[in-house]
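**Q** Kindly generate the corresponding structure for this input.
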Amino acid sequence: MVPFLIYPFLLFFVVNGFNRQDSLSIFISTFVLVIYFYFLENKLEIFKNRFSIFISYQFILRFFVIGSNPSLSDDIYRYLFDAKLLLNGFSPYGLTPNDWVIKHPEYVSELNDLVTNMNSPDYVSVYPLLLLAVFMMGSILNSVLHTTYLGIQIIFLIIDGVNLYLVRKFYPKESFRFYWVYFANPIVLIEGLSQLHPEILIVPWILIIIHTSQVWKQGISFLVLSQLKINTIIFILGFSKKWRKVLLPTLVVLTVFVLWKLTVFSNLETQTNRGIGLFFHSFRFAGIVEPFFYFPLEMIGYGYLSGFFSLSIFASIILFLIFQTSFMTLPIEKRLFLIYFLFLMFSPVIHSWYWILFVVLGMCCYISMFLQTFVVLIAMLSYLNYVSESYFYLNWVISLIGFGIYGIKEIDYLRKTTTAGECKNTISKIHW
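**A** The predicted structure follows:
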């Protein structure tokens, strides 16, 4: 029992003492948490199939990570800035924060700290309205509690409680080892609950899409996803062909684009040049495949286009896959997993919290604990990029080796599989 008592304190020390500018802090925090997360998964028999005690422990872990200052990322300042603009009746999509403060000097005293601390004062907001509505509610709760972040963390905690409930509901007969992958994952607890990244809000809708056969429920869930984070639009490519033949999905997709046009893309030119368009050119962070495009392009002066080339290859692969019967006959969770996994491979930007959805979809596909632990490792090591750009190569090489081994094992398993029924088990039943 002692190791399980130590784990919440380790999480507490990391969320309160982790310094993304200190390589020693990153290495120690990463390897201690990774080893503990993997080690404890083999000791779960201590709970003796008493789910009430097991789930209580999971909430204890969560209570240890909330209340901390979300200092590992600058995104929180942008979320709060956009939320405060909306609460004051202004749109966050028309002007950059710097331009907005200059135009509204009467709000400088209230918003200047947020603008100073954020990493995007010269970019317009790229966050959908529904996501900002969550932070609006959190800001109101912050005012009631006289705190800066706890109100938002409480809302995230409630939603993650729903996530735990849905995992148990949809997978009632699974072992505690299955639940451990998400329930006690350091990335989920730190990046989701403590650092307040929106992937936590996306999880329940992903689970509903996977486990409902009703088109209208999938449609509504997808609509919600699209208004929480823009890149979730890729998941529509994993829906079945039958889904695409129904009128409702067409209406859902049209609604998504109408809502985006009214909000995030209300000024398309500004959003392209000083917003989400930079994701396709110029923005780079911990990419895995993208550097293969960046290095040769940089030699001829076009390195800023590496993201565009990388994402174009991703789009080409996905378009190829959706016309393959072998892909479209996979269970929906495996289709969504493959799409998101490929997105992470080719994205020019992979922040540590992006891996939360990998964790969830990987859990649904019964991905090995070894790979899930490896993802925690590279996610946390990605913070080394804040210390020095030279550390990028370390994280990049580790990622290539780890996922290269995983890919070889997948291909080898698929090659040895002879029946159609067995083929459908790929991406799941690999033993490490």
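**Q** hmm, who's touching stretch 317-324?
**A** By Cβ atoms under 8 Å, 6 or more residues apart in numbering, the residues outside stretch 317-324 that reach it are 234, 237, 327, 328, 338, 339, 342, 346. C-beta here means a position set from N, CA and C on the backbone, and glycine is covered the same way.
**Q** Tell me the one among these nearest to residue 39.
**A** Checking the contacts of stretch 317-324 against residue 39 by Cβ to Cβ gives residue 338 as the nearest, at 29.6 Å.
**Q** Compute the number of surrounding residues for that closest one.
**A** When neighbours are defined as other Cβ atoms under 10 Å, residue 338 has 20 of them.
**Q** Residue 2 now?
**A** Neighbourhood size, residue 2 [other Cβ under 10 Å]: 6.
**Q** could you measure it against residue 28, distance?
**A** 20 Å (Cβ to Cβ, to the nearest Å).
**Q** Could you do residue 221 as well?
**A** As defined by Cβ to Cβ, residue 221 lies at a distance of 40 Å from residue 28.
**Q** So for the two, which residue has more residues nearby?
**A** residue 221 (21 against 15).
**Q** Could you check which helix or strand contains that one?
**A** helix 215-226 (DSSP states H and E).
**Q** Please, where are all the helices along the stretch 301-432 of the chain?
**A** Remark: helices assigned in the stretch 301-432 of the chain by DSSP state H, counting those that start in this stretch are 306-321, 325-328, 332-346, 355-364, 369-381, 384-387, 391-416, 420-423.
**Q** Can you tell me which of those helices is packed in deepest?
**A** Among these, helix 355-364 has the highest mean neighbour count (mean count of other Cβ atoms under 10 Å), at a mean of 24.
**Q** Can you name the helix or strand that the residue lying closest to residue 110 once chain neighbours are set aside falls in?
**A** The shortest distance from residue 110 to any non-neighbouring residue, by Cβ to Cβ, 6 or more residues apart in numbering, is to residue 84 (7.1 Å). Taking DSSP H and E as the criterion, residue 84 maps to helix 75-87.
**Q** ok, the closest residue to residue 66 other than its chain neighbours - how many residues close by?
**A** Distance criterion Cβ to Cβ, 6+ apart; nearest residue to residue 66, sequence neighbours excluded, is residue 153 at 4.2 Å. When neighbours are counted by other Cβ under 10 Å, residue 153 registers 23.
**Q** One more: residue 69?
**A** Using other Cβ under 10 Å, residue 69 has 12 other residues around it.
**Q** Test my guess that it contacts residue 149.
**A** Yes - counting by Cβ atoms under 8 Å, residue 69 does reach residue 149; the two are 6.6 Å apart.
**Q** Tell me the spacing between the closest residue to residue 67 other than its chain neighbours and residue 172.
**A** In this structure, residue 67 finds its nearest non-sequential neighbour in residue 150, 5.7 Å apart by Cβ to Cβ, 6+ apart. To residue 172, residue 150 is 33 Å away according to Cβ to Cβ.
**Q** Would you point out which residue is most central in this protein?
**A** For the chain, the residue nearest the mean C-alpha position is residue 354 (3.0 Å; Cα atoms, centre = their mean).
**Q** picking up where we left off before, I would like the residues contacting the helix holding residue 221, please.
**A** By Cβ under 8 Å, 6+ apart, helix 215-226 touches 128, 130, 202, 205-206, 208-209, 212, 232-233, 235-236, 239, 243, 246, 248-249, 251-252, 255-256, 259-260.
**Q** buried subset of these?
**A** Buried members of the contacts of helix 215-226, scored by 16 or more other Cβ atoms under 10 Å, are 128, 130, 202, 205-206, 208-209, 232, 235-236, 239, 243, 249, 252, 256, 259-260.
**Q** So which of those residues sit within helices?
**A** Among the buried ones among the contacts of helix 215-226, the members found in helices (DSSP state H) are 130, 202, 205, 206, 208, 209, 243, 249, 252, 256, 259, 260.
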